[in-house]
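**Student:** Take this sequence and fold it.
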Amino acid sequence: MQATTRSSLLFRASAHIGGSRPRVLFLGSYPPRECGIATFTEDIRGAYDLLAGEPSDVIAITEDGRSYDYPPCVVTEIRRDDRRSYLEAAQFANDHSADVVNVQHEYGLFGGERGEYLLDFLAALKKPVVVTLHTTLPKPDERMRFVTRELCNRSDASVVLAYTGRRILEERYDIDPRKIEVILHGVPDVPLRSSRHFKRRMGLGDQTVLSSFGLLSRGKGIEFVIDALPSIFAQHPNAVYLLLGETHPEVKRREGETYRESLWQRVEQLGLGDRVRFIDHYMQDEEVVEYLEATDVYVSPSLDPDQIVSGTLSYAVACGRVVVATASAYARELLADGRGVTVPFRDSASIATAVSSVLSDPQLRSSIETTAYRFGRAMTWPRVARGYQHTFAAAMDRKAIAIGRSASLERAASKLWNDTLARRTASVGESVSSH
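**Tutor:** So this is what the prediction gives:
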């Protein structure tokens, strides 16, 4: 989907800002590939293009053996495991009219050990580069630490999507804090509205709606939500649970639908088949927003304590919905100060208690919704685009200074060499004359 046709739910029109508006070449996965980074790359590109007033281009990273019907904005590809294609893409970027390159980085997205092939691209790239790190692990192995340090050191700026990410880069990877920018995950710009209208429009009547969404995999911890449902339903007889989204394509290729099938088997064992719905397809942003607006409590039972960012959590907060989430690094930051509820990992009883408590206390629910929504205003895509605009401009300035210093050193070295050569020549001449 092109930026010019992106939904106004996601990118409300805003006046172009003054100052430098660098032209950007984005590098990352891209739709129709189905993955979170692809969606993010499309969204930040769309938001930035509206801000800058002109379209930008994309270099798409593509798995070997796969092909996609990319839109025209994708001007070339990198084959994930073809090391030569990284160098070819760098040369393409050097010849491109863009002022700066923005790399959307996730471990596993790029080829080589810990994605080290991306370092080849950066080494050959002559333009300013900003890397957006979607994962920053606090306990990296030696190779991950090396690759991550090189990614940041070879870039002119590194963007993290949470303040916890900045602290991790500084403390665990020894990255220069002056090169780290925190730009929160972008979210749709929607008004705060009651779920009642949206539930009726989607055929859910006056039911209390719990939901979870995202590309399904075992690390999502959905089984712990399902085991919490009997207790929740006993206290709230009109509640239903919606599991939204298809199985992650990589998971589906490896193991088919075994995880989804095991979840449904558990639903039937508990006798909940008439109150749980699995909506099994890939969801565009607009559809995600519609379901979130019909949701009363959004549940995120991730099993990863080091999760540093979650688009699903960000979107739920932006829509002003109550979020109950396991206490990952990102959830603790995002849901702090009354913006949501965190619970222990792998603990169905705690999930049930938290959800039921919120649903039984209208005042608490209203307070969380309002507090979350207000915080989400700082994360709307137009604001995120402005953050990137300033970061791109700063990266260009930093690159220009570095080039200037390098040129000065070269000139100084050249002058030193010329002076030394002149002295040697004069000394030889004097020696010849004396004989």
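**Student:** Give me the buried stretch members for stretch 112-120, please.
**Tutor:** Of the residues in stretch 112-120, those buried under the neighbour-count criterion (16 or more other C-beta atoms under 10 Å) are 112, 114, 115, 116, 117, 118, 119, 120. In short, each C-beta sits where N, CA and C put it, glycine included.
**Student:** Also stretch 388-397?
**Tutor:** Buried positions in stretch 388-397, judged by neighbour count with 16+ other C-beta under 10 Å: 388, 389, 391, 392, 393, 394, 395, 396.
**Student:** can I get those residues in TSV with distance to residue 163, pLDDT and secondary structure?
**Tutor:** What follows is those, written out as TSV (distance: C-beta to C-beta, whole Å; pLDDT from 0 to 100; DSSP: H, G, I helix; E, B strand; the rest coil):
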residue	distance to residue 163	pLDDT	secondary structure
388	17	98	helix
389	20	97	helix
391	16	97	helix
392	21	97	helix
393	22	96	helix
394	19	95	helix
395	20	95	helix
396	25	95	helix
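**Student:** What ranges does the stretch 251-400 of the chain have for its helices?
**Tutor:** Assignment of helices within the stretch 251-400 of the chain using DSSP state H, counting those that start in this stretch yields the ranges 258-269, 285-293, 311-318, 329-334, 348-359, 362-376, 381-434.
**Student:** Residue 37 is nearest to which of the ones you listed?
**Tutor:** helix 311-318 (9.8 Å; C-beta to C-beta).
**Student:** Using CSV, write out every CA atom in that closest one.
**Tutor:** Only the C-alpha atoms of helix 311-318 are listed here, as CSV (Å, rounded to 0.1, in the frame of the first residue of the first chain):
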residue,chain,number,x,y,z
GLY,A,311,3.7,-2.9,18.4
THR,A,312,0.6,-4.7,19.7
LEU,A,313,1.0,-3.1,23.2
SER,A,314,1.7,0.3,21.7
TYR,A,315,-1.4,0.2,19.5
ALA,A,316,-3.6,-0.9,22.4
VAL,A,317,-2.4,2.0,24.6
ALA,A,318,-2.9,4.4,21.7
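**Student:** So which elements touch that helix?
**Tutor:** Using 3 or more C-beta pairs under 8 Å, 6 or more residues apart in numbering; DSSP states H and E as the contact criterion, the secondary-structure elements in contact with helix 311-318 are helix 36-52, helix 285-293, strand 297-300, strand 322-326, helix 329-334, helix 362-376.
**Student:** residues in contact with the helix or strand just after the longest one?
**Tutor:** Sequence-wise, the next helix or strand beyond helix 36-52 is strand 57-62, with elements assigned using DSSP states H and E. Counting by C-beta atoms under 8 Å, 6 or more residues apart in numbering, the neighbours of strand 57-62 from elsewhere in the structure are 25-30, 33, 41, 45, 68, 70, 73-80, 89, 92-93, 96, 98, 109-110.
**Student:** cool, stretch 272-290 as well?
**Tutor:** Contact with stretch 272-290 is made by 1, 7, 9-10, 34, 39, 43, 188, 190, 198, 202, 213, 215, 226, 229-230, 233, 239-247, 260, 263-264, 267, 291, 315, 319, as judged by C-beta under 8 Å, 6+ apart.
**Student:** Out of those, which end up buried?
**Tutor:** Buried members of the contacts of stretch 272-290, counted by 16+ other C-beta under 10 Å: 9-10, 34, 39, 43, 188, 190, 198, 213, 215, 226, 229, 233, 239-247, 260, 263-264, 267, 291, 315, 319.
**Student:** Among those, which ones are in strands?
**Tutor:** 213, 239, 240, 241, 242, 243, 244 (DSSP state E).
**Student:** Beta-bridge partners for the third one, please?
**Tutor:** Residues in a beta bridge with residue 240, per DSSP bridges, are residue 209.
**Student:** is it true that it touches residue 205?
**Tutor:** No: at 9.6 Å, residue 240 and residue 205 do not qualify as touching, with contact defined as C-beta atoms under 8 Å.
**Student:** and the gap between residue 194 and residue 200?
**Tutor:** 11 Å (C-beta to C-beta, to the nearest Å).
**Student:** What are the structural domain limits within the chain?
**Tutor:** 3-182, 195-378 (automatic domain parsing).
**Student:** just how off-centre is the shortest one within its chain?
**Tutor:** So the one you mean is domain 3-182. Using C-alpha atoms, centre = their mean, to the nearest Å, the mean C-alpha position of domain 3-182 is found 10 Å from that of the whole chain.
**Student:** Same check on the last one?
**Tutor:** Mean C-alpha position of domain 195-378 versus that of the full chain (C-alpha atoms, centre = their mean) differs by 19 Å.
**Student:** Per-residue pLDDT of the nearest residue to residue 327 once chain neighbours are set aside, please?
**Tutor:** With C-beta to C-beta, 6 or more residues apart in numbering as the measure, residue 342 is the residue that lies nearest to residue 327, at 4.1 Å, once sequence neighbours are left out. The confidence metric pLDDT takes the value 98 at residue 342.
**Student:** how many other residues sit next to residue 374?
**Tutor:** The local packing of residue 374 (other C-beta atoms under 10 Å) involves 13 other residues.
**Student:** Looking at it now. What's its pLDDT?
**Tutor:** Residue 374 carries a pLDDT score of 97 in this model.
**Student:** Over to residue 162?
**Tutor:** Reading off the model, residue 162 has pLDDT 96.
**Student:** Please report the distance of it from residue 232.
**Tutor:** Taken as C-beta to C-beta, the span from residue 162 to residue 232 is 29 Å.
**Student:** which residues does residue 206 contact?
**Tutor:** Residue 206 makes contact with 196, 199, 200, 238, according to C-beta under 8 Å, 6+ apart.
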